[in-house]
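Engineer: what's the 3D shape of this:
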Amino acid sequence: MDTAVLFWPRGGSAQVIRYLLHELNHRGFTTRLHAGSLGNPGDPSHGPSFYKGLDLRPYDHNDAMAAFTRGEDPQRTRRPFHPSYEDRGHCPDPLFSAVPPAQADHLTHAWTRHLTAHRSPGARLLHLHHLSHLQTSARAAYPNTPRVTTLHGTELKLIDAMQQRLRLAERTGCTPGTLARLLHTDNPHRTTEARRLAKTASLDDNDTALLTTTAWHKWTHCDYWLTRLQQATADAGHLIAVSEHDQHLATRLLHLHHAPPVIPNGVDTHTFQPQHLTQAQRVEHLRRWLVTDPRGWGPGGAPGSLRYTDADVQRLHDSQGRLRPLLLWVGRFLDFKRVPVLLRAFAAARTRLDPAPALLMWGGYPGECEGDHPADLAAELGIQRDVYFIGWRGHDELPTGLNCADLMVAPAVGEPFGMVYLEAMACGTPPIATATGGPARTITTAGPDATGYLVAPDDADHLADTLTAALRNTDERQRRSTNGRTHIQNTYSWARTTDHYLAAYDHAGLH
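Structural biologist: You can find the predicted model right below:
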């Protein structure tokens, strides 16, 4: 069985692929993986390092990255850099909607060559991850092989965003290309022009804000990519969603006649488990992440550019020498993660508690940031001495990070699945999420089986109230901690998830 994904290891889908393939290999299946790779051995983006122990045929992005560094177009190299579902700023992987059709064909041909050259002889099934041009390449390279495609949600967010902007452009009587010219970010009069268009089209405040803030030159090819991604479902084979939220979204956005089945992501319950760390052990880990081996980065800086001292670590203690309550955020600095909402809520909650909590920011992929950098906002709010940027660290360290925290809090809106919330529960660290997306289905908030907390989306006041109440009630946190661990063991183990995938493979025609 072969598996393919465009991207180098970066987000949750890479973890899903790694765990699933290891479990399949453990059960006696022969697997091969085609995946992107970037960097050198030991780097978190280096495919052979991340997927160690698997039969990986890497699609190497280093030449394309070198071209980007030289100021050339990384989508025009022999092995072009993949586009992205998110706007990552100035980077080698632009939004899909910024890539013109001719380059899209080049991307497709490059992956067709790779898959054709490295496919397993006699592969009986191909498992694709994400919806993209990869489905077109798979049709050519695996013409008579049953296929399964897992939708991880990020592609659905992009499709939804492209539809919104196409509808908005139509209401203004313009194409995205015309708006890219009229409202280019280099145009000093873009705000005035946007208001004129909004007034003529009778747009409400929300649509006016979207019209004004959208970098339209990155959405020029919305129409092409919307059609391309919707058509890719014909080559996707058996579709799978990771949550009920994405199931409904995929059915609507992709015009499906039948809702795709849901197979939730799993959790490595052997690695993610309570560690019962002493205070001295927690401080030792915190000192390593913040002082000895810092990887936090500030605006425009490299990993480690945000450094801390022993005095900063000492500030994590109260006047009695005990560790203050620790909140842990985990994720990437993307808009839907709603880091500004978290920082504003934390700023309010810390004034109500004695001792005041500290906030540990675990993640933020180096150089990737949608909107203002959280360090700038923390300084603006006057909370920079209580917000600690740990940076992007290996997944193998996350269980210890979760065990060092009293609560895991991540108020993302529309999180497709949210594996980290389940990983937190597996470690006995109650999560706080918003009542949207995957977490709304996986976190129980009330009753004898409560496992965590849910708050209203984009509501900093509600989040501050919940943080305050949760930190004040130690017994209730412990009850939810115990419930969460039990729930994950019974429902979300990788063995159980793999059973679901094997049933989907059978349905697709593996046997």
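Engineer: secondary structure element for residue 361?
Structural biologist: Using DSSP states H and E, residue 361 falls within strand 358-363.
Engineer: just the residues contacting the next helix or strand after that strand, thanks.
Structural biologist: Elements were assigned by DSSP H and E; along the chain past strand 358-363, the next helix or strand is helix 374-381. Around helix 374-381, the neighbours that count as contacts under CB atoms under 8 Å, 6 or more residues apart in numbering are 298-299, 306, 333, 339-340, 343-344, 347, 361, 364, 384, 387, 389. Just so you know, the C-beta spots here come from the backbone N, C-alpha and C atoms, and that holds for glycine as well.
Engineer: rounded mean pLDDT for the following helix or strand past helix 374-381, please.
Structural biologist: Tracing the chain C-terminally past helix 374-381 and defining elements by DSSP H and E, one meets strand 387-391 next. Mean per-residue pLDDT for strand 387-391: 97.
Engineer: picking that back up, could you dump the contacts of helix 374-381 to JSON lines with neighbour count?
Structural biologist: Shown next, in JSON lines, are those (neighbours: other CB atoms under 10 Å):
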{"residue": "298", "neighbour count": "15"}
{"residue": "299", "neighbour count": "12"}
{"residue": "306", "neighbour count": "21"}
{"residue": "333", "neighbour count": "20"}
{"residue": "339", "neighbour count": "27"}
{"residue": "340", "neighbour count": "19"}
{"residue": "343", "neighbour count": "21"}
{"residue": "344", "neighbour count": "18"}
{"residue": "347", "neighbour count": "20"}
{"residue": "361", "neighbour count": "24"}
{"residue": "364", "neighbour count": "28"}
{"residue": "384", "neighbour count": "14"}
{"residue": "387", "neighbour count": "23"}
{"residue": "389", "neighbour count": "26"}
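Engineer: including distance to residue 490, could these go into a markdown table?
Structural biologist: Compiled in a markdown table, the contacts of helix 374-381 are given as follows (distance: CB to CB, whole Å):
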| residue | distance to residue 490 |
| --- | --- |
| 298 | 42 |
| 299 | 44 |
| 306 | 40 |
| 333 | 34 |
| 339 | 32 |
| 340 | 36 |
| 343 | 35 |
| 344 | 36 |
| 347 | 38 |
| 361 | 31 |
| 364 | 33 |
| 384 | 41 |
| 387 | 35 |
| 389 | 35 |
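Engineer: which one of those residues is nearest residue 438?
Structural biologist: If you rank the contacts of helix 374-381 by distance to residue 438 using CB to CB, residue 339 comes first, at 18.4 Å.
Engineer: about what we covered before: quick check: angle from the strand holding residue 361 to helix 374-381?
Structural biologist: Here the directions of strand 358-363 and helix 374-381 differ by 160 degrees (axes from the mean of the first three to the mean of the last three CA atoms, to 10 degrees).
Engineer: how about strand 358-363 as PDB, C-alpha atoms only?
Structural biologist: Included here for strand 358-363 are C-alpha records, laid out as PDB according to Å, rounded to 0.1, in the frame of the first residue of the first chain:
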ATOM      1  CA  ALA A 358       2.000  32.400  33.200                       C
ATOM      2  CA  LEU A 359       1.400  31.500  29.600                       C
ATOM      3  CA  LEU A 360       3.700  29.200  27.700                       C
ATOM      4  CA  MET A 361       3.600  29.600  23.900                       C
ATOM      5  CA  TRP A 362       4.600  26.200  22.400                       C
ATOM      6  CA  GLY A 363       4.900  26.300  18.600                       C
END
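Engineer: for stretch 347-362, buried residues please.
Structural biologist: Of the residues in stretch 347-362, those with enough neighbours to count as buried (16 or more other CB atoms under 10 Å) are 347-350, 355-362.
Engineer: out of those, who's nearest residue 156?
Structural biologist: Checking these against residue 156 by CB to CB gives residue 362 as the nearest, at 25.6 Å.
Engineer: against residue 89, how distant is the closest one?
Structural biologist: Shown here: residue 362 relative to residue 89, a distance of 21 Å by CB to CB, to the nearest Å.
Engineer: turn the buried residues of stretch 347-362 into CSV, columns for distance to residue 204.
Structural biologist: Shown next, in CSV, are these (distance: CB to CB, whole Å):
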residue, distance to residue 204
347, 30
348, 29
349, 33
350, 36
355, 45
356, 40
357, 38
358, 40
359, 35
360, 39
361, 35
362, 38
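Engineer: who does the host helix or strand of residue 59 touch, helix- and strand-wise?
Structural biologist: When elements are defined using DSSP H and E, residue 59 is found to belong to strand 56-60. Packed against strand 56-60 by the contact rule (3 or more CB pairs under 8 Å, 6 or more residues apart in numbering; DSSP states H and E) you find strand 32-37, helix 47-50, helix 101-118.
Engineer: for the longest one, packing partners?
Structural biologist: Read that as helix 101-118. Secondary-structure packing of helix 101-118 (3+ CB pairs under 8 Å, 6+ apart): strand 32-37, strand 56-60, helix 134-141, helix 222-231.
Engineer: CA atoms of it as PDB?
Structural biologist: Once non-C-alpha atoms are left out, helix 101-118 reads as follows in PDB (Å, rounded to 0.1, in the frame of the first residue of the first chain):
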ATOM      1  CA  PRO A 101      -2.900  27.700 -14.300                       C
ATOM      2  CA  ALA A 102       0.400  27.200 -16.200                       C
ATOM      3  CA  GLN A 103       2.300  26.700 -13.000                       C
ATOM      4  CA  ALA A 104      -0.400  24.400 -11.700                       C
ATOM      5  CA  ASP A 105       0.200  22.100 -14.600                       C
ATOM      6  CA  HIS A 106       4.000  22.200 -13.900                       C
ATOM      7  CA  LEU A 107       3.300  21.200 -10.300                       C
ATOM      8  CA  THR A 108       1.100  18.300 -11.400                       C
ATOM      9  CA  HIS A 109       3.600  17.000 -13.900                       C
ATOM     10  CA  ALA A 110       6.400  17.100 -11.300                       C
ATOM     11  CA  TRP A 111       4.400  14.900  -8.900                       C
ATOM     12  CA  THR A 112       3.300  12.600 -11.700                       C
ATOM     13  CA  ARG A 113       7.000  12.000 -12.500                       C
ATOM     14  CA  HIS A 114       7.800  11.400  -8.900                       C
ATOM     15  CA  LEU A 115       5.000   9.000  -8.300                       C
ATOM     16  CA  THR A 116       5.600   7.100 -11.500                       C
ATOM     17  CA  ALA A 117       9.300   6.700 -10.800                       C
ATOM     18  CA  HIS A 118       8.900   5.600  -7.100                       C
END
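Engineer: rewinding a little: report the angle between the axes of the strand holding residue 59 and helix 101-118?
Structural biologist: Put simply, strand 56-60 runs at 150 degrees to helix 101-118, going by the same axes, to 10 degrees.
Engineer: now the element after strand 56-60, going C-ward?
Structural biologist: On the C-terminal side of strand 56-60, the closest following helix or strand by DSSP H and E is helix 62-69.
Engineer: that following helix: which residues count as buried?
Structural biologist: Buried, per 16+ other CB under 10 Å, within helix 62-69: 62, 64-65, 67-68.
Engineer: before we move on, what about stretch 417-427?
Structural biologist: For stretch 417-427, the neighbour count (16+ other CB under 10 Å) marks 417-427 as buried.
Engineer: returning to that earlier point: parallel or antiparallel, list what pairs with the strand holding residue 361.
Structural biologist: For strand 358-363, the pairing partners within the sheet under DSSP bridges are strand 326-331 (parallel), strand 387-391 (parallel).
Engineer: Throw those strands into TSV and include distance to residue 485, thanks.
Structural biologist: Rendered in TSV, the data for those read as follows (distance: least, CB to CB, whole Å):
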stretch	distance to residue 485
strand 326-331	17
strand 387-391	24
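Engineer: ok, which of those comes nearest residue 483?
Structural biologist: Among the strands paired with strand 358-363, the nearest to residue 483 by CB to CB is strand 326-331 (19.0 Å).
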